[in-house]
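In: this is a predicted model, with the sequence first.
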Amino acid sequence: MSIRFFVVMAMIGLSASVEWGYEGPHGPDHWADDFPDCASNKQSPIAIVHAETVTNSSLGLFKHSMFYSVPTTMNIINNGHSLQVNLDGAYTINDDTVLPTSYRAGQFHLHWASEGTEGGSEHYLNGKQYFAEIHIVHFQSRFAALADAVDIDQGLAVLGIFVDPTAEEDNMEFERLLIPNTTLEGQNMTYVNGFSLEVLLPHNLEYYRYEGSLTTPPCAESVVWSVLKEPIRISPAQKLRLQRGLQGHLSDGSTAYIGNNFRSIQQINNREITRAETCSSASAKAYHVVTLAVAAFFGAILRF
């Protein structure tokens with residue numbers, strides 16, 4: 001889908017109007033023509049393999065309570081390439097064991113698979129591409145707006161949440177996003193009753209951490225990424241409602257359902273991917289390794 005739109009509407013508040021999309025002459029293979037950072041060395045998304053990550057004991061864990069505060073204003077919009085919720089007066093995370101400095105939530109949006117396809121998440125985990133991925137975009141709270149932090153080193157912090165459509169019943173918290181008011185590109189609605197973003201989180205908040213970029217133009221390499229291990233679950237019916245729920249304009253003026261709005265996997269290059277785990281998870285893994293080592297030792301003795 002090749003769509004013309006203002007980046008200010010779509011992602012981060014930049015002022016330039018540039019045509020880009022997810023296929024054809026304006027697709028990801030051509031983004032670097034207009035946005036040079038898209039060809040740089042710390043790009044996102046990436047494929048995360050648990051066995052190739054390193055435990056970082058200095059990393060703290062996100063707490064559900066960090067997300068409890070309800071934003072003052074929440075406006076949901078079909079920006080032509082995604083479903084996005086812009087936030088005013090949202091929560092701030094002030095834990096320097098979790099993030100490098102203080103960050104405020106500015107918006108969240110989704111990436112998902114088109115009908116008839118399965119994988120739509122941007123990141124992969126252990127070879128799996130999930131149906132969808134939510135990105136909660138935060139910016140350093142010393143700035144007045146998200147756009148001011150885009151070109152600053154570690155100016156942004158994005159929390160990635162996988163979405164798995166295997167629940168037997170509808171996820172009523174996710175249902176808040178599936179509203180008819182945003183069917184057409186440009187349509188938006190301000191929630192009468194806002195809600196805490198905590199309701200969109202899984203129970204387990206263990207995560208993977210790496211330094212990367214925005215996954216859409218301008219692909220600025222200013223993002224501290226935290227990708228949660230555990231997905232949230234929605235029903236197959238909700239999956240279909242999302243796939244059939246939003247329309248965007250194609251470059252020829254026609255409309256089509258929005259979907260497959262994800263960037264392909266980028267090279268990790270020399271980046272280290274670390275992980276934050278609970279003590280119980282780390283201990284269980286250590287116990288498993290020790291058990292295997294002991295078993296191998298005694299097995300070797302018995303063979304003599």
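Out: On my side now, so go ahead. Numbering: from 1, shown residues only.

In: contacts only, for the nearest residue to residue 237 once chain neighbours are set aside.
Out: Ranked by C-beta to C-beta, 6 or more residues apart in numbering and with sequence neighbours excluded, the top spatial neighbour of residue 237 is residue 170, at 6.6 Å. (C-beta placed from N, C-alpha, C; glycine too.) Contact analysis of residue 170 by C-beta atoms under 8 Å, 6 or more residues apart in numbering lists 234-235, 237-238.

In: buried ones among those residues?
Out: With burial judged by 16 or more other C-beta atoms under 10 Å, the buried subset of the contacts of residue 170 is 234-235, 238.

In: what is the burial count for residue 94?
Out: 13 (other C-beta atoms under 10 Å).

In: let me fix that, I meant to ask about residue 92.
Out: The burial count for residue 92: 12, using other C-beta under 10 Å.

In: what pairs with it across the strands?
Out: Beta bridges link residue 92 to residue 104, judged by DSSP bridges.

In: what sits against it?
Out: So residue 92 contacts 102-105, 141 (C-beta under 8 Å, 6+ apart).

In: now with 10 Å, please.
Out: Each residue near residue 92 by C-beta atoms under 10 Å, 6 or more residues apart in numbering is listed here: 66, 69, 102-105, 138, 141.

In: and if you look at residue 66?
Out: Contacts of residue 66 by C-beta under 10 Å, 6+ apart are 91-95, 98-99, 105, 197-198, 201, 205.

In: contact partners for residue 56?
Out: 208-209, 272-277.

In: now the two most distant members of these.
Out: Pairwise distances across the contacts of residue 56 (C-beta to C-beta) peak at 15.8 Å, for the pair 272 and 277.

In: which one's more surrounded, the two?
Out: residue 277 (19 against 12).

In: can you give me the distance of residue 177 to residue 78?
Out: 11 Å (C-beta to C-beta, to the nearest Å).

In: typed the wrong thing, it's residue 111
Out: Residue 111 is 14 Å from residue 78, by C-beta to C-beta.

In: neighbour count winner among those two?
Out: More neighbours surround residue 111 than the other of residue 111 and residue 78, with 28 against 23 (other C-beta under 10 Å).
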